[in-house]
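Asks: Predicted model, plus sequence, below.
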There are 4 protein chains.
Amino acid sequence: MDDGADTIGIIHSDRKDLAANVIAGTEETTTGVVRLKSMERDGVLLYPVIAVNDADTKHLFDNRYGTGQSTVDGILRATNLLLAGKRFVVCGYGWCGRGVATRARGAGANVIVVETDPLKALEAVMDGYSVLPMLEAAKQGEIFVTVTGNLHIIRKEHFEVMRDGAVVCNAGHFNVEIDIPALEALSTGHSPTRDFVEEYRLTDGRRIRLLGEGRLINLAAAEGHPASVMDMSFANQALASEFAVKHRGTLEKKVYGVPHAIDAEIARLKLESMGIRIDALTEEQRKYLESWEMGT
Amino acid sequence: MDDGADTIGIIHSDRKDLAANVIAGTEETTTGVVRLKSMERDGVLLYPVIAVNDADTKHLFDNRYGTGQSTVDGILRATNLLLAGKRFVVCGYGWCGRGVATRARGAGANVIVVETDPLKALEAVMDGYSVLPMLEAAKQGEIFVTVTGNLHIIRKEHFEVMRDGAVVCNAGHFNVEIDIPALEALSTGHSPTRDFVEEYRLTDGRRIRLLGEGRLINLAAAEGHPASVMDMSFANQALASEFAVKHRGTLEKKVYGVPHAIDAEIARLKLESMGIRIDALTEEQRKYLESWEMGT
Amino acid sequence: MDDGADTIGIIHSDRKDLAANVIAGTEETTTGVVRLKSMERDGVLLYPVIAVNDADTKHLFDNRYGTGQSTVDGILRATNLLLAGKRFVVCGYGWCGRGVATRARGAGANVIVVETDPLKALEAVMDGYSVLPMLEAAKQGEIFVTVTGNLHIIRKEHFEVMRDGAVVCNAGHFNVEIDIPALEALSTGHSPTRDFVEEYRLTDGRRIRLLGEGRLINLAAAEGHPASVMDMSFANQALASEFAVKHRGTLEKKVYGVPHAIDAEIARLKLESMGIRIDALTEEQRKYLESWEMGT
Amino acid sequence: MDDGADTIGIIHSDRKDLAANVIAGTEETTTGVVRLKSMERDGVLLYPVIAVNDADTKHLFDNRYGTGQSTVDGILRATNLLLAGKRFVVCGYGWCGRGVATRARGAGANVIVVETDPLKALEAVMDGYSVLPMLEAAKQGEIFVTVTGNLHIIRKEHFEVMRDGAVVCNAGHFNVEIDIPALEALSTGHSPTRDFVEEYRLTDGRRIRLLGEGRLINLAAAEGHPASVMDMSFANQALASEFAVKHRGTLEKKVYGVPHAIDAEIARLKLESMGIRIDALTEEQRKYLESWEMGT
């Protein structure tokens, strides 16, 4: 950056307090983008923001393959449970949720999806998962993961019907997805049984195990996303920042997407770094795609 | 419709000749939408078009689950080959291509993906497929399916290196994806070995088997998409047409998406028809999603 | 064979009538071997039999990959139903059953397994399937396949609780796995809706669709096993017959396994025919495996 | 046990030194059973042994689901590598090897299998894996796991062609599967990069990372098998010991299998403990299975 007064931000969603001299912000998370768009709508956005999360090379990879692997990893490090044959409930079938569902199934679990959006619910059905309302899933599940970006997904009415020994954790937003105060209110006490495992004893004798205090389990009990998926997210941060600096003064106080050219370039570089070669379109093919006179 | 002079079109991509008195058209295919957008860009679109293909309840289901199942079905009906252990090359990793790749893998095949778009190629890699340039895939593959919407994907240089007995077919656009004249030019003759299987004898003795004359194999040798995926596509056609009639006179000569409300309603109805219940957001959750003041 | 009086039999399980001058029989099916062992136990076996079914290169491939693919193929040809998202019940988790379950899951179905053997049931659970008693599965399923080698797997009490439109078929033994007389007794009538689909109308208005008259659906509606899996089964038949002729007079009236050397040779030849190379053990490795003095 | 002079052994394979007063031993591992059978063949077995490993409720679960999950878990804890899209080489396709291959694929890896037994190699092919000789796999792989029970699976000639950064580990027998002295001889030095990761620098600049000193990676870097799979293995140990005591004096110095009744009982108890109900055969079905007069 050219002078100390200006700032280009890799600003995480919980740091929205400072705005003076900011050229632009960049936002890394799904929930953060939702919030920033609400701020734009309400006219309270103080500087332009580039929604890095919405870049294909970010959310299609980081949210899906990164969260998918690291969430299951976190659960295993916390519990060492055998996943094969377990009824594993995934709450939320966004990019993160389907990553978690894919990896849980890949580990042999019998996956149940809970979703409020009819379209995503239908995709989950067609992907071969059982789709249930939360109350029904609560009765059947043995392990639960919330990945919604919303709050109180698992709450009093669900804890009341869970099986003895049920394990609940969160990989979505932060520690409001599971209503922990409600769990505490139902319990006579709680104590740790392993690192990252807190066992709540309910008045009727059942036990419910909360992992990582309801915080992101992949960060709490494992190491977060692998480097080889964060590299693309950070490349988006860096190139989006460069873009903002180059276009300083021309951006409005809005939420912008990452330009497609940046997105495509990151994918190209990533493939190259992995030693994977692909074809380019032939000249004939490029013309064909753009034309409406040839062919049918 | 209110009078004989007006037309609301469920017009397939190869029927662009008549425009007078058309309220709007609706377009069912990926390639058709690409073409119509080119026409809009060139200012030659003669009436508004609603891109039914781009509705989530269309392309996420019809293109993925419909084309996926029916393409593999068509190949089996044409050949009765065992797919387990076969090197199965999918050219194109769009929604149709990933449907085909998923089902081929699900049938035990060892799937290789060919793609020119770096982002899609990277997704294919992360989904666990081998990703290769076409020339390399041509050497290894035993069964090839083109699903690109483009032309001459498999051409002279590829036929020249294929294994004896290779099977080639198309599930993408129409019979230009495989360069059949090039195959004929390399051959000393050809003759049918089964229904929908034409065996080309190359001058060096190798044989290449073309299925269904290079036309859509799921229509040529099987029965096309199952009813339970076409119902959503046709619901989009019907409701998009209703939308166009209701908004007659207000739509420009552009390509429009299907309104989100229609898309969501179709998903809701489909789930209901399948007997699957899902939750709605609680009032608290709805507020939380829209707010930027609560939480982090 | 050296003279016309002797016979070497590739005798299918329903042809046990002639025994004079038979050097030996060979048996191709699981159920047939079970029966022949019962006959041996009861002292009524009239000549030696080689249990070709029990060769690894037979049952691990023919029963699993062959039956798996061709059963799903038969169901699709008969019904053209979309399998993605369907609750698909597999009765029996032997080699055939697990082949069917794998392919149904690979086609996107939500698979439920019914099994009476605790060990196999436990494997099905750990493989991620829902395991249910038949009566419960009958309530939930949309498509049912019997693959047990036993009789009356789906019977009156199950038909009584099935959903309207349920599809039932058999891929296991023969047309006794489904109790068709019981279905008829519950029905007011039946009529075909497609080739190989007979719709039974129950007195309460529900409809149940029986495929292929309850006969093996992969033979009734599809083409049976692909050639590239039958080649191994027939190689076992041929080489087992050769073995019997070479050992004529030395074999007792018992059920014999296929000699391991024949089994291994068929696997080797098959790999070679597919162009797949593998390593041999090094001399050092061979010694290590046989020793008990080296290493730990 | 009735008196102090007798011993019933849960004796692991590296504890074969004491034999006096032993009623019987039980053996938990595949390799141990192979060795004990060699000892029986050579007439040097000093007491009866029950091959607990060969019980279905042991090797089908412990070796497959236990080793499968915990090996991948160990690799992730040691490296935090993203498995999606990685070329992951599994050497050995026995029960452990196929468990590891299943879980690696389930984590999104592109799995290559190396096997010397033609039959197992053919199964791996039909299961959709790439099957290659070790030298070819060595060139392509990014992560290698040996699961063979043999020695020097990865040796000098393989290290010489590996890619820079390749990761090698063992989940099979013990630290002889990887020829570590050969790796050291090729290296100019080595140093740890993370816990359980030792990086060897080769003279040509390439780096090879050895995990857990070549010892069992699921024990070295993770927590070994989950309790819910070891419970079945230990139940076999306990009930096999009880069986031996009950039959003291009647067992010869041989390797015995676990009686089928014990095996079936453990499966039944395990299902019950998981809350999973299954059907029993009806009386009619039991008779049908045993008969050879009814049916076909």
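Replies: Here it is on my side, so go on. Numbering: from 1, shown residues only, chains lettered A, B, ... in the order given.
Asks: CA only for contacts and neighbour counts going forward, please
Replies: Will do.
Asks: What's the separation between the residue in the stretch 1-150 of chain A positioned nearest to chain D and chain C?
Replies: Residue nearest to chain D within the stretch 1-150 of chain A: A:Gly106 (3.5 Å; Cα to the nearest Cα). If you measure A:Gly106 against chain C using Cα to the nearest Cα, to the nearest Å, the figure is 9 Å.
Asks: For chain A, which segments count as helices?
Replies: Using DSSP state H, the helices found in chain A span residues A:30-41, A:56-58, A:67-79, A:95-106, A:118-126, A:134-140, A:156-159, A:180-186, A:217-220, A:227-246, A:260-273, A:283-290.
Asks: Identify each buried residue in the last one, please.
Replies: Spelled out, that is helix A:283-290. Within helix A:283-290, the residues that qualify as buried are A:285, A:288-289, counting by 16 or more other Cα atoms under 10 Å in any protein chain shown.
Asks: just the residues you listed that are near chain B?
Replies: Applying Cα under 8 Å from any Cα of the partner chain to the buried residues of helix A:283-290, one finds that A:285, A:288-289 fall near chain B.
Asks: Check the residues you listed against C:Leu271 and report the nearest one.
Replies: The closest of those to C:Leu271 turns out to be A:Gln285 (Cα to Cα; 38.8 Å).
Asks: Tally up the residues packed near the nearest residue to A:Gly257 once chain neighbours are set aside, please.
Replies: Distance criterion Cα to Cα, 6 or more residues apart in numbering or on different chains; nearest residue to A:Gly257, sequence neighbours excluded, is A:Ala51 at 5.2 Å. Neighbour count for A:Ala51, taken as other Cα atoms under 10 Å in any protein chain shown: 26.
Asks: what's around A:Gly249, how many residues?
Replies: Here the number of neighbours of A:Gly249 (other Cα under 10 Å) works out to 11.
Asks: Can you give me the distance of the closest residue to it other than its chain neighbours to A:Ser241?
Replies: Leaving aside its chain neighbours, A:Gly249 sits nearest to A:Ile23 (7.8 Å; criterion: Cα to Cα, 6+ apart). In this structure, A:Ile23 and A:Ser241 are 9 Å apart, going by Cα to Cα, to the nearest Å.
Asks: Show me which of these two is the more surrounded one.
Replies: Taking other Cα under 10 Å, A:Ile23 and A:Ser241 do not tie; A:Ser241 has more neighbours (25 against 21).
Asks: Test my guess that the more buried one contacts A:Thr26.
Replies: Yes. Using Cα atoms under 8 Å, A:Ser241 is in contact with A:Thr26, at 7.3 Å.
Asks: sorry, back to before: check the residue nearest to A:Gly249 and give its pLDDT.
Replies: With respect to pLDDT, A:Ile23 scores 89.
Asks: Quick check: the gap between it and A:Phe243.
Replies: In terms of Cα to Cα, A:Ile23 sits 11 Å off from A:Phe243.
Asks: returning to that earlier point: minimum pLDDT in the ones next to chain B among the buried residues of helix A:283-290, which residue is that?
Replies: Comparing pLDDT over these, the lowest score belongs to A:Leu289 (84).
Asks: count of residues packed around A:Gly68?
Replies: 27.
Asks: Contacts only, for it.
Replies: By Cα atoms under 8 Å, 6 or more residues apart in numbering or on different chains, the contact list for A:Gly68 reads A:96-103.
Asks: Closest to D:Lys37 out of those residues?
Replies: So of the contacts of A:Gly68, ranked by how close each gets to D:Lys37 (Cα to Cα), first place is A:Arg103, at 39.6 Å.
Asks: So, low pLDDT: which residues of the stretch 151-296 of chain A?
Replies: For the stretch 151-296 of chain A, residues meeting the criterion pLDDT under 70 lie at A:292-296.
Asks: Quick check: nearest residue in space to the residue of the stretch 1-150 of chain A closest to chain D, chain neighbours excluded?
Replies: Using Cα to Cα, 6+ apart and skipping residues adjacent in sequence, the residue nearest A:Gly106 is D:Gly106, 3.5 Å away.
Asks: While we're on that neighbour, how confident is the model there?
Replies: In this model, D:Gly106 carries a pLDDT of 98.
Asks: residue contacts, it?
Replies: With contact set as Cα under 8 Å, 6+ apart, D:Gly106 has these partners: A:102-103, A:105-107.
Asks: Specify which member of those residues is nearest to chain C.
Replies: Nearest to chain C among these, counting by Cα to the nearest Cα, is A:Arg105 at 7.2 Å.
Asks: isn't that closest one right next to C:Gly128, touching?
Replies: Yes. Between A:Arg105 and C:Gly128 there is a contact at 7.2 Å, judged by Cα under 8 Å.
Asks: coming back round to it: tell me the contacts of the residue nearest to A:Gly257?
Replies: A:26-28, A:33, A:255-258.
Asks: Looking at those residues, spot the one nearest D:Arg207.
Replies: Distances from D:Arg207 to those, taken by Cα to Cα, are shortest for A:Glu28, at 33.4 Å.
Asks: Now do the same contact list for the closest residue to the closest one other than its chain neighbours.
Replies: Take A:Glu28 and drop its neighbours on the chain: the residue closest to it by Cα to Cα, 6+ apart is A:Asn53, 4.7 Å away. By Cα under 8 Å, 6+ apart, the contact list for A:Asn53 reads A:27-30, A:33, A:59, A:233.
Asks: One more: A:Tyr200?
Replies: Shown in contact with A:Tyr200 (Cα under 8 Å, 6+ apart): A:183-184, A:187-191, A:207-210.
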